[in-house]
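Trainee: Provided below for reference: sequence and predicted model.
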Amino acid sequence: MIRTEPRIAVAAISVFVALAGVSTALRGLIFDEPGLVRCGTVAIVVSVTLFVVTLNPSPLQEWCKRLTPRWHP
């Protein structure tokens, strides 16, 4: 099995949490339940923020790329 970076796994999970948040918020809007709308909105905001933060390249990653040799066995 190929190992992936943890940040990519976290970003993938956050996408599905955002989709669940959209579903929850829509259900709250359809059935007039303000609590569900709030929970869905919070899930969307938190998961999209986490997605952007985890996939945003950092200066440390660019610095590490310069240190690694160009040839890999």
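Mentor: Now that the structure is in, tell me what you want to look at. Numbering: from 1, shown residues only.
Trainee: And the closest residue to residue 26 other than its chain neighbours, what's its pLDDT?
Mentor: Using C-beta to C-beta, 6 or more residues apart in numbering and skipping the chain neighbours, the partner closest in space to residue 26 is residue 40 (7.4 Å). Bear in mind the C-beta positions are built from the backbone N, C-alpha and C, glycine included. Predicted confidence (pLDDT) for residue 40: 97.
Trainee: again, but for residue 1
Mentor: 51.
Trainee: repeat for the one 10 residues further on
Mentor: According to the prediction, residue 11 has pLDDT 94.
Trainee: do the one 5 residues further on as well
Mentor: Predicted confidence (pLDDT) at residue 16: the value is 98.
Trainee: quick one: which helix or strand includes it?
Mentor: Residue 16 is located in helix 6-30, with elements delineated by DSSP states H and E.
Trainee: what's next to that helix, contact-wise?
Mentor: Contact partners of helix 6-30, identified using C-beta atoms under 8 Å, 6 or more residues apart in numbering, comprise 33-44, 46-48, 50-51, 54-55.
Trainee: what about burial for those, which qualify?
Mentor: 36-37, 40, 43-44, 47, 50-51, 54 (16 or more other C-beta atoms under 10 Å).
Trainee: Could you find the closest non-adjacent residue to residue 18?
Mentor: residue 47 (4.1 Å).
Trainee: tell me which element the one you found falls in.
Mentor: Using DSSP H and E, residue 47 falls in helix 34-55.
Trainee: residues near residue 21, how many?
Mentor: Residues near residue 21, counting by other C-beta atoms under 10 Å, number 20.
Trainee: For residue 6, grab the count of nearby residues.
Mentor: Around residue 6 there are 9 residues (other C-beta under 10 Å).
Trainee: distance of it from residue 19?
Mentor: With distances taken as C-beta to C-beta, to the nearest Å, residue 6 is found 21 Å from residue 19.
Trainee: Done for today, thanks.
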